[in-house]
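Student: Fold the following for me, if possible:
(2 chains)
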Amino acid sequence: MSPTSPTILSELAPPPAAPAPGTDGYITADGRKIGGVLMDLRHITLRFGGVTAIKDISFDIREGEIRAIIGPNGAGKSSMMNVMSGFYVPQEGEVWFRGAKRPPMRPYQVARQGLARTFQNIALFDGMSVLDNIMTGRLTMMKSSLLEQALWWGRAEAEETRHREQVEKIIDFLEIQNIRKTPVGRLPYGLKKRVELARALAAEPKLLMLDEPMAGMNVEEKEDMSRFILDVNDEFGTTIALIEHDMGVVMDLSDRVVVMDYGRKIGDGTPDEVRNNQEVIDAYLGVAHD
Amino acid sequence: MDQLLYASEVLVNGLMTGVMYSLVALGFVLIFKASGVFNYAQGVLALFAALTLVGIQQGQVPFAHLINAITGSHISSFGWTVPSLLAILLTALVMVGLAILIETLVLKHLVGQEPIIMFMATIGLAYFLEGLGDIMWGADVKTLDVGLPQGISETAEAWTAALTGYGFFIDRLDIWATVIAALLVAALVAFSQYTKQGRAMRAVADDHQAALSVGISLRFIWVMVWSIAGFVALVAGIMWGTKSGVQFSLSLIALKALPVLMLGGFTSIPGAIVGGLIIGVGEKLFEFYVGPLVGGATEAWFAYVLALIFLVFRPQGLFGERIIERV
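Tutor: Presented below is the predicted three-dimensional model:
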């Protein structure tokens, strides 16, 4: 991977809206290097019985990018994320991840490939402490066997300590030190969202998928969450795909935006391009159909 | 004074009986915690484990009756006996195999179904396993002897006699059962709290979708949980089988586990232990003090009445998770 385009160029001209797969990426307006294609979705079609939730959608996500999927209610955004994370299997189309076509897989296998996600309606382990919840994010990285674990022997102890250290770093990073031992069920909504992000981060994912990370939050919580998302991308270089309702937030955060409406892709490009796209404006503001 | 000493002896024996109840209840708690399913088949699992253990130990040919009926032969035994420890190990393996079968043939197809449907499936499983046990090993009452000491413990009698001037009657098997149960519980608690598989198990119990998203294989965890439950059933089967012979009424001890679970809470391993002890001691002491006043035989119903009272005042049990509804 050798991103060669000079920074100065990207400041003059907007980056190409959707670089063709295989090209080397681009440099963002704020000077971050975006790499090659990490995930490529090709002609995805998803149907539930007679309802077509996603209709022939293609787009890619590049390394180091913050990629947003937006659209009105029922546009198929969450379905798209479920396809990406393996919860739904599309009837047509291919998912390419890190240069290889993904064979049919169960969601836990997808997770083990390096995809972590959060859910629109928070899916945490309510009965477990914050620490334990975040530790589950590292389960797939623990290599000691069932027997070693059961007997607390061999690699088991050293491994637990090492992973615990990583988890503590994430806890510090997301500023949730004071609730470390609290059962998740007792936390307020905003903090739960943050713990869910922490659990996803703990997996050190290659692609982090956030399904409406700011839904139902107040302005202050939204600002915090935006800051964390940017910091995660900045400090760990994590590629992030996010679904969001709040247009303002999306435009500030993301490098490129996919716009969906009624299961179709109606726009794809930088926030500015998308904002000026007539079809997108129609979808959001409503337009009289003849 | 004598009355009090005698009561203490009753109490100690109640504790020992309670341990046996706890052993059965443990298996229920494990599966309930991991899958939210009340496993009706747990008692039968204990019976099946005990049958298999005796069968392997005595070198019985499995399905002998069936083979004889079809081929007209008269086989019944391989003619060898297997050492107890090896037989227990082999039976544990059979229980793991059974767990894999249950997962593949039953549970896998019921993912995401209502708990009541899973519950009905375990009822079916219970009857199937009972029939399978019968057809594999025969329906006759068997004696189980894996070398656990039995009979009155002279040491305990001597100790208590020296301390109080009155020698307690304590069965050595009960003492062993207590020790083994304590070890088993300690191991299980440590496993579920401090290992990655234990953490994964708790995660699956809490939220299937979230568990999948962090890369936990539900199928692996279910096989693991049913294997552990099978192992606990094996231990319970050994204890009860040694005490009262391996017979089909063994599966009914599952019924006694119900009040234990209601007391201790369906989701708590320590709860299963404490619940078992309270029921054990409670029913023995109740029989001792109140029994004579009401014509005896209170042991048959005491546990259930106690469970009913608990259901009214503390439905989640002593240690169960409090159900908090957010509105």
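Student: Which secondary structure element is home to B:Ala161?
Tutor: Taking DSSP states H and E as the definition, one finds B:Ala161 inside helix B:154-164.
Student: Quick check: residues of chain A near chain B?
Tutor: Selection of chain A residues close to chain B by Cβ under 8 Å from any Cβ of the partner chain yields A:85, A:87, A:106-109, A:111-112, A:116-117, A:119, A:123-128, A:132, A:135-137, A:139-140, A:142, A:144, A:146, A:149-150, A:152, A:156, A:160, A:185, A:199-200, A:203. Bear in mind the C-beta positions are built from the backbone N, C-alpha and C, glycine included.
Student: From those, keep the buried residues only.
Tutor: Neighbour counting over the residues of chain A next to chain B (16 or more other Cβ atoms under 10 Å in any protein chain shown) leaves A:85, A:87, A:107-109, A:111-112, A:116-117, A:119, A:123-128, A:132, A:135-137, A:139-140, A:142, A:144, A:149-150, A:156, A:160, A:185, A:199-200, A:203 as the buried ones.
Student: These in strands, which ones?
Tutor: A:Ala116, A:Arg117 (DSSP state E).
Student: Looking at the buried ones among the residues of chain A next to chain B, which are in helices?
Tutor: Secondary structure assignment (DSSP state H) places A:107-109, A:111-112, A:132, A:135-136, A:149-150, A:156, A:160, A:199-200 from these within helices.
Student: Could you identify the most distant pair in those residues?
Tutor: Checked with Cβ to Cβ, these reach their widest spread between A:Ala150 and A:Ala200, with 27.8 Å between them.
Student: and the residue most central in space within chain A, what are its bridge partners?
Tutor: If you average the C-alpha coordinates of chain A and look for the closest C-alpha using Cα atoms, centre = their mean, you land on A:Met209, 1.7 Å from that point. According to DSSP bridges, the residues that bridge with A:Met209 are A:Arg117, A:Ala241.
Student: Are we agreed that A:His245 is in a helix?
Tutor: No - according to DSSP: H, G, I helix; E, B strand; the rest coil, the state of A:His245 is coil, so it is not within a helix.
Student: Just the pLDDT at residue 279, thanks.
Tutor: Using chain A here. pLDDT, the model's per-residue confidence, is 86 for A:Glu279.
Student: hm, I was asking about chain B
Tutor: We have a pLDDT of 92 for B:Ile279.
Student: swap in the one 10 residues further on?
Tutor: Turning to B:Tyr289, the model gives it a pLDDT of 90.
Student: I'd say the residue nearest to the centre of chain A and A:Met80 touch.
Tutor: No - with contact defined as Cβ atoms under 8 Å, A:Met209 does not count as touching A:Met80 (9.8 Å).
Student: Isn't A:Leu253 up against A:Leu230?
Tutor: Yes - A:Leu253 sits in contact with A:Leu230 when judged by Cβ under 8 Å, with a separation of 6.7 Å.
Student: ok now do A:Leu38, which residues does it touch?
Tutor: Contact criterion Cβ atoms under 8 Å, 6 or more residues apart in numbering or on different chains gives A:Asp60, A:Ile61, A:Arg62, A:Glu63, A:Glu65, A:Phe97, A:Arg98, A:Lys206, A:Leu207, A:Thr239 as the residues in contact with A:Leu38.
Student: does the second one sit in a helix or strand, and which one?
Tutor: Spelled out, that is A:Ile61. Counting by DSSP H and E, the element that carries A:Ile61 is strand A:51-62.
Student: sorry, back to before: adding pLDDT, write the ones in helices among the buried ones among the residues of chain A next to chain B out as JSON lines.
Tutor: Shown next, in JSON lines, are these (pLDDT from 0 to 100):
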{"residue": "A:Pro107", "pLDDT": "89"}
{"residue": "A:Tyr108", "pLDDT": "91"}
{"residue": "A:Gln109", "pLDDT": "91"}
{"residue": "A:Ala111", "pLDDT": "91"}
{"residue": "A:Arg112", "pLDDT": "90"}
{"residue": "A:Asp132", "pLDDT": "91"}
{"residue": "A:Met135", "pLDDT": "91"}
{"residue": "A:Thr136", "pLDDT": "91"}
{"residue": "A:Gln149", "pLDDT": "69"}
{"residue": "A:Ala150", "pLDDT": "67"}
{"residue": "A:Ala156", "pLDDT": "75"}
{"residue": "A:Glu160", "pLDDT": "82"}
{"residue": "A:Arg199", "pLDDT": "94"}
{"residue": "A:Ala200", "pLDDT": "94"}
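Student: ok but B:Thr267 is inside a strand, no?
Tutor: No - counting by three-state DSSP, one finds B:Thr267 to be coil, located in no strand.
Student: sorry, back to before: just want to know which of A:Leu253 and A:Leu230 has more residues nearby.
Tutor: For A:Leu253 versus A:Leu230, neighbours defined as other Cβ atoms under 10 Å in any protein chain shown are more numerous around A:Leu253 (22 against 15).
Student: From B:Gly271, how far out is the more buried one?
Tutor: With distances defined as Cβ to Cβ, to the nearest Å, the gap from A:Leu253 to B:Gly271 amounts to 47 Å.
Student: Kindly report the same for B:Phe313.
Tutor: With distances defined as Cβ to Cβ, the gap from B:Phe313 to B:Gly271 amounts to 16 Å.
Student: any weak-confidence spans in chain B?
Tutor: B:1, B:321-327 (pLDDT under 70).
Student: Alongside chain A, which residues does it contribute?
Tutor: Those residues of chain B that sit near chain A, judged by Cβ under 8 Å from any Cβ, are B:190-191, B:194-200, B:202-203, B:205-207, B:209-218, B:224, B:321, B:324.
Student: same thing but 10 Å
Tutor: Contact residues, chain B versus chain A (Cβ under 10 Å from any Cβ of the partner chain): B:33, B:187, B:190-191, B:193-200, B:202-221, B:224, B:228, B:267, B:321-322, B:324, B:326.
Student: Any of those residues buried? List them.
Tutor: Counted by 16+ other Cβ under 10 Å, the residues of chain B next to chain A give B:33, B:191, B:195-200, B:202-208, B:210-219, B:221, B:224, B:228, B:267, B:321 as buried.
Student: residue in the stretch 1-150 of chain B nearest to chain A?
Tutor: The shortest separation between the stretch 1-150 of chain B and chain A is 9.4 Å, found at B:Lys33 (distances taken as Cβ to the nearest Cβ).
Student: Can you show me the CA trace of the one helix or strand A:Met225 maps to as PDB?
Tutor: Using DSSP H and E, the element containing A:Met225 is helix A:219-236. Written as PDB, here are the backbone C-alpha positions of helix A:219-236 (Å, rounded to 0.1, in the frame of the first residue of the first chain):
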ATOM      1  CA  VAL A 219     -26.500  16.800  22.800                       C
ATOM      2  CA  GLU A 220     -23.800  16.400  25.400                       C
ATOM      3  CA  GLU A 221     -23.700  12.700  25.100                       C
ATOM      4  CA  LYS A 222     -23.700  13.000  21.300                       C
ATOM      5  CA  GLU A 223     -20.700  15.200  21.500                       C
ATOM      6  CA  ASP A 224     -18.900  12.800  23.700                       C
ATOM      7  CA  MET A 225     -19.600   9.900  21.500                       C
ATOM      8  CA  SER A 226     -18.500  11.800  18.400                       C
ATOM      9  CA  ARG A 227     -15.300  12.600  20.100                       C
ATOM     10  CA  PHE A 228     -14.700   9.000  21.000                       C
ATOM     11  CA  ILE A 229     -15.400   7.800  17.400                       C
ATOM     12  CA  LEU A 230     -13.000  10.300  16.000                       C
ATOM     13  CA  ASP A 231     -10.400   9.400  18.600                       C
ATOM     14  CA  VAL A 232     -10.700   5.700  18.000                       C
ATOM     15  CA  ASN A 233     -10.200   6.300  14.300                       C
ATOM     16  CA  ASP A 234      -7.300   8.700  14.900                       C
ATOM     17  CA  GLU A 235      -5.400   6.800  17.600                       C
ATOM     18  CA  PHE A 236      -5.900   3.200  16.500                       C
END
